[in-house]
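**Student:** Just the structure for this:
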Amino acid sequence: RRALSWLDSAADGDDPFFLYFPLPAPHTPILPTPEFRGKSGTNAYGDFCLQVDDVVGQIMASLDRHGLAEDTILVFTTDNGCSPRADLEELAELGHRPSYVFRGHKADIYEGDHRVPFIAQWVGKVEAGSTCTDPTCLVDLYATCAEILDKKPDDFNAVDSVSMLPNLLGTATGPVREATVHHSINGAFSIRQGKWKLEFCPGSGGWSAPGPRFKGGLAGLPKQQLYDLSVDPGEQNNLYTKET
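**Tutor:** The predicted structure follows:
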């Protein structure tokens, strides 16, 4: 309600505006409101996601109502993959996998934590229905907004941010980001460059197996992992020993 009220006020002026709206849903605690309970056909987490869809729809409807949709960049994304608190086994039994074909979930070094939706609407700029496979990172929003505003970030802020504007406009002639660094909740790092992803840890580095708290722990696992994501997006075939 406050976001919609703010948009009502912003629509009355002529100045550009920026609205950052971090939703408490579908994070824990998983608490869909009564009108969404049981409506998704999955479980409470699915109902909570359905509630998110409704909220985003209200934001988009407000932009339309105020005649702002064709002059506003709308980005919908998330900072990490689905939490196991969503009851992933129950969702799988119901035919839904929040991580899709990717391994792991929130807190892991695997793609299930880092490969997240990024949807952008910019009428007349972003081609409707288009997709982009070039890796990007949420830190790149800083440099992207700066380029759109024709501003140059100083040397002390967002030094790891790279403008994704060429990817949004479809004008990129190659990768806009040299590499992307990932981090798991347990402190493990990985780096992604092109089709390759190198993970500096055995196991998930987070909450999914294999890990120290699971049966067998990390015994016998290589200390590092290397995956060719172009043919192995599920990170099942560790090529570290073969390729190094």
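**Student:** Helices along the chain, start to end?
**Tutor:** With DSSP state H, the ranges of helices along the chain come out as 2-11, 44-65, 88-93, 111-114, 140-148, 165-169, 240-243.
**Student:** Can you lay out those as TSV showing mean neighbour count and distance to Thr77?
**Tutor:** For the C-beta atoms, the positions are set from N, CA and C on the backbone; glycine is no exception. Below are these laid out as TSV (neighbours: other C-beta atoms under 10 Å; distance: least, C-beta to C-beta, whole Å):
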stretch	mean neighbour count	distance to Thr77
helix 2-11	13	16
helix 44-65	17	11
helix 88-93	14	21
helix 111-114	26	12
helix 140-148	19	9
helix 165-169	18	13
helix 240-243	10	30
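**Student:** for the ones you listed, which one sits closest to Asp79?
**Tutor:** Ranking these by proximity to Asp79 (C-beta to C-beta) places helix 111-114 first, at 9.8 Å.
**Student:** Other residues contacting that closest one?
**Tutor:** Around helix 111-114, the neighbours that count as contacts under C-beta atoms under 8 Å, 6 or more residues apart in numbering are 80-82, 99, 102-107, 182, 184, 197, 206, 208, 229, 233-235.
**Student:** Quick check: which ranges of the chain have low pLDDT?
**Tutor:** By pLDDT under 70, the chain has no low-scoring segment.
**Student:** quick revisit: relative to Ile30, which of the helices of the chain is closest?
**Tutor:** Among the helices of the chain, helix 44-65 comes nearest to Ile30, with 5.0 Å by C-beta to C-beta.
**Student:** middle-most residue in the chain, spatially?
**Tutor:** With distances taken as C-alpha atoms, centre = their mean, the chain has Val116 as the residue nearest its mean C-alpha position (3.0 Å).
**Student:** Please name the residues that touch that one.
**Tutor:** With the criterion set at C-beta under 8 Å, 6+ apart, Val116 makes contact with Thr77, Thr78, Asp79, Asn80, Gly81.
**Student:** Which among these count as buried?
**Tutor:** When burial is judged by neighbour count using 16 or more other C-beta atoms under 10 Å, the buried members of the contacts of Val116 are Thr78, Asn80, Gly81.
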